[in-house]
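Asker: A predicted structure for the sequence below; I have some questions about it.
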Amino acid sequence: MDVNTLNTLVSSAIWRAEQLEELQLDAASSAWSEVSKLEEELAKHKPAEDAEGRIARRGAVRAAVKANDYARAEALAQQFAEN
């Protein structure tokens, strides 16, 4: 999948997660999990030296936290710190 498609998917997923969170729906957690996975995929395509790559890495970790998946957030943070 190309970077432009991933950016579009990430933006849509963030919007959806924010809307579900605002409505205080349980589905918000799984929506944030989707954001985290998409951001992680985007991070694979962009180096950490690139601003977009840093944003994707930070977004993947932040979304995992918002999904209450602290183990994933920690694992991603460690993975990104090593690369």
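Answerer: Sure, I can see it. Numbers count the residues shown, from 1 in each chain.
Asker: which residues touch the residue lying closest to residue 83 once chain neighbours are set aside?
Answerer: Leaving out its chain neighbours, the residue that sits closest to residue 83 by C-beta to C-beta, 6 or more residues apart in numbering is residue 48, at 6.5 Å. All C-beta atoms are positioned from the backbone trio N, CA, C, and that covers glycine. Contact analysis of residue 48 by C-beta atoms under 8 Å, 6 or more residues apart in numbering lists 54, 57, 80, 83.
Asker: tell me the one of those residues nearest residue 25?
Answerer: Set against residue 25, the nearest of these by C-beta to C-beta is residue 57 (27.3 Å).
Asker: ok, now how distant is residue 17 from residue 60?
Answerer: Distance, residue 17 to residue 60, by C-beta to C-beta, to the nearest Å: 13 Å.
Asker: oh sorry, the question was meant for residue 7
Answerer: Applying C-beta to C-beta to residue 7 and residue 60 gives a distance of 14 Å.
Asker: with neighbour numbers in mind, choose between the two.
Answerer: Legend: neighbour count by other C-beta atoms under 10 Å for residue 7 and residue 60, higher for residue 60 (25 against 15).
Asker: the helix or strand encompassing that one - contacts with which helices or strands?
Answerer: Using DSSP states H and E, residue 60 sits within helix 51-66. Applying 3 or more C-beta pairs under 8 Å, 6 or more residues apart in numbering; DSSP states H and E, we find helix 51-66 packed against helix 3-22, helix 27-45, helix 70-82.
Asker: contacts for that helix, please.
Answerer: By C-beta under 8 Å, 6+ apart, helix 51-66 touches 3, 10, 14, 17, 21, 28-29, 32-33, 35-37, 39-40, 42-43, 46-48, 70, 72-73, 76-77, 80.
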